[in-house]
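*Asks:* I need the structure of the sequence given here:
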Amino acid sequence: MHETDRPSPDGVSFVMPVLNERDYLEHAVHSVLAQDVDGPTELMLALGPSTDGTTELAQRLASADPRVHLVDNPAAHIPVGLNAAIRASRYPTVIRVDAHSELSPGYARQALETLERTGAANVGGIMRADGRTPFQSAVARLYNSPVGLGGGAYHGSEREGEAESAYLGVMRREVLDEVGLFDESIRRGEDWELNLRIREAGHTVWFDPRLSVTYWPRENWWRLARQFRATGAWRGELVRRFGRSNGLRFFAPPALVLVTALALIVGVLQLTGVLHGLPGVLASIVYAPLIAYAVLVLAVALSGRRGLRERLWTLAVLPTMHFAWGLGFLAGVLRGAGDTVDASRLGDRNTPLP
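*Replies:* Below is the predicted model:
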């Protein structure tokens, strides 16, 4: 804790884990510092061991504004960094911010009003993905679509109310202290697990669609695939730990992977003559869901007013999201996530998958 050992009775602490975010960090920080709230604010940057100049940029930003403070996160893991930032903070409201995001004007003020009005312990809004290139725009479009990420409220719902989880989150510090902060053994999905504990402790998690955060997806196919594989592995781990507390939508991508594997086996057996006659014809039913999926992908790519490059990237991005996530999920369920991390944050495209 800085400046004083005593927490302030009011004010807002923004916490942001940072690792290799040179191209995004300054915009994210400025969107935080531009928030207009009653009372003091601070921004705690939990710095992992970046290799792209992010640390030096963060140091310059901290030197330019006394509200910005730096916290070491040598482990580089998101929940570890978040907890370090929260423990070093002073104020009773904690707002999580991602270095790959930008808060909309008035975000903090609206969130504080919603916290007060609802009595919720955690409030979140819409993750509005955006892109700067045809590839990133294709990814953003699918992030904003229920076809891409399964229809969680924060991907575009317009109905305010109680929620399973909250994107990023505007949280009461006293509740965080009560339930024990983020679980540092969970590398991805740590926000969902925290919100599960918040709800199990009798508190409310609330979704307010008036809250909006711009999110910038990964910049290339390789990074996207690694990100989704790691996210899927950790969802599989969460299913191992918490079973039916996980929504049914999480099982759609692994089901697609399993159907595809079954179709490949059936195809080989048919081509080699092992499976023929009426049994072979009946087994062909396994191709039906894959044909339907291919039609869905094509329909999504052709819909809306999009440029040719973005449409072509959509044809690649949507299956990548589903299959990378589904493969990761199955591995996580079968053997646990172990030390799997989001390798898309760590180094160049030659870094092997964990």
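*Asks:* gap between the worst-scoring helix or strand of the chain on mean pLDDT and the chain center?
*Replies:* Comparing helices and strands within the chain by mean pLDDT, DSSP states H and E singles out helix 146-149 as the least confident, with a mean of 78. For helix 146-149, the gap between its own C-alpha mean and the chain's C-alpha mean amounts to 13 Å (C-alpha atoms, centre = their mean, to the nearest Å).
*Asks:* which elements pack onto that helix?
*Replies:* The elements that helix 146-149 packs onto, with contact taken as 3 or more C-beta pairs under 8 Å, 6 or more residues apart in numbering; DSSP states H and E, are helix 134-143, helix 308-335. All C-beta spots, glycine's among them, are computed from the backbone N, C-alpha and C.
*Asks:* C-alpha coordinates for that helix, CSV please?
*Replies:* C-alpha atoms of helix 146-149 as CSV (Å, rounded to 0.1, in the frame of the first residue of the first chain):
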residue,chain,number,x,y,z
PRO,A,146,-23.6,-15.2,-29.9
VAL,A,147,-22.4,-17.5,-32.7
GLY,A,148,-18.8,-16.6,-31.9
LEU,A,149,-18.7,-16.7,-28.1
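*Asks:* which stretches in the chain count as helices?
*Replies:* Secondary structure of the chain (DSSP state H): helices at 25-33, 54-64, 78-88, 107-118, 134-143, 146-149, 173-179, 190-200, 221-242, 252-271, 277-283, 287-302, 308-335.
*Asks:* in its sheet, which strands sit next to the longest strand anywhere in the chain, and in what direction?
*Replies:* In the chain, taking DSSP state E as the definition, the longest strand is strand 205-215. Strands adjacent to strand 205-215 in the sheet, as given by DSSP bridges, are strand 101-103 (antiparallel), strand 122-129 (parallel), strand 161-162 (antiparallel).
*Asks:* nearest to Val15 among the helices of the chain would be which one?
*Replies:* helix 78-88 (3.8 Å; C-beta to C-beta).
*Asks:* neighbouring contacts of the closest one?
*Replies:* Outside helix 78-88, the residues within contact range by C-beta atoms under 8 Å, 6 or more residues apart in numbering are 1-2, 13, 15-18, 44-48, 69, 71-73, 75, 94, 96, 173, 176, 181-184, 186-188, 190.
*Asks:* again with stretch 62-72
*Replies:* Outside of stretch 62-72, the residues within contact range by C-beta under 8 Å, 6+ apart are 2, 29, 33, 41-47, 58-59, 61, 81, 84-85, 88.
*Asks:* show the average pLDDT along that stretch.
*Replies:* Taken as a whole, stretch 62-72 carries a mean pLDDT of 97.
*Asks:* and it, how far out from the chain middle?
*Replies:* In terms of C-alpha atoms, centre = their mean, the centre of stretch 62-72 is found 25 Å from the chain centre.
*Asks:* how about that stretch as PDB, C-alpha atoms only?
*Replies:* Taking Å, rounded to 0.1, in the frame of the first residue of the first chain, the C-alpha atoms of stretch 62-72 are listed here in PDB:
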ATOM      1  CA  ALA A  62       3.400   6.800 -13.900                       C
ATOM      2  CA  SER A  63       5.900   9.700 -14.000                       C
ATOM      3  CA  ALA A  64       3.500  11.900 -15.900                       C
ATOM      4  CA  ASP A  65       0.500  11.300 -13.600                       C
ATOM      5  CA  PRO A  66       0.600  10.800  -9.800                       C
ATOM      6  CA  ARG A  67      -2.600   8.700  -9.900                       C
ATOM      7  CA  VAL A  68      -0.700   5.900 -11.700                       C
ATOM      8  CA  HIS A  69       1.200   3.500  -9.500                       C
ATOM      9  CA  LEU A  70       3.300   0.400 -10.500                       C
ATOM     10  CA  VAL A  71       3.100  -3.000  -8.800                       C
ATOM     11  CA  ASP A  72       5.400  -5.900  -9.600                       C
END
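*Asks:* circling back: Asp342: which of the helices of the chain is closest?
*Replies:* For those, proximity to Asp342 was assessed by C-beta to C-beta; helix 221-242 is nearest, at 4.4 Å.
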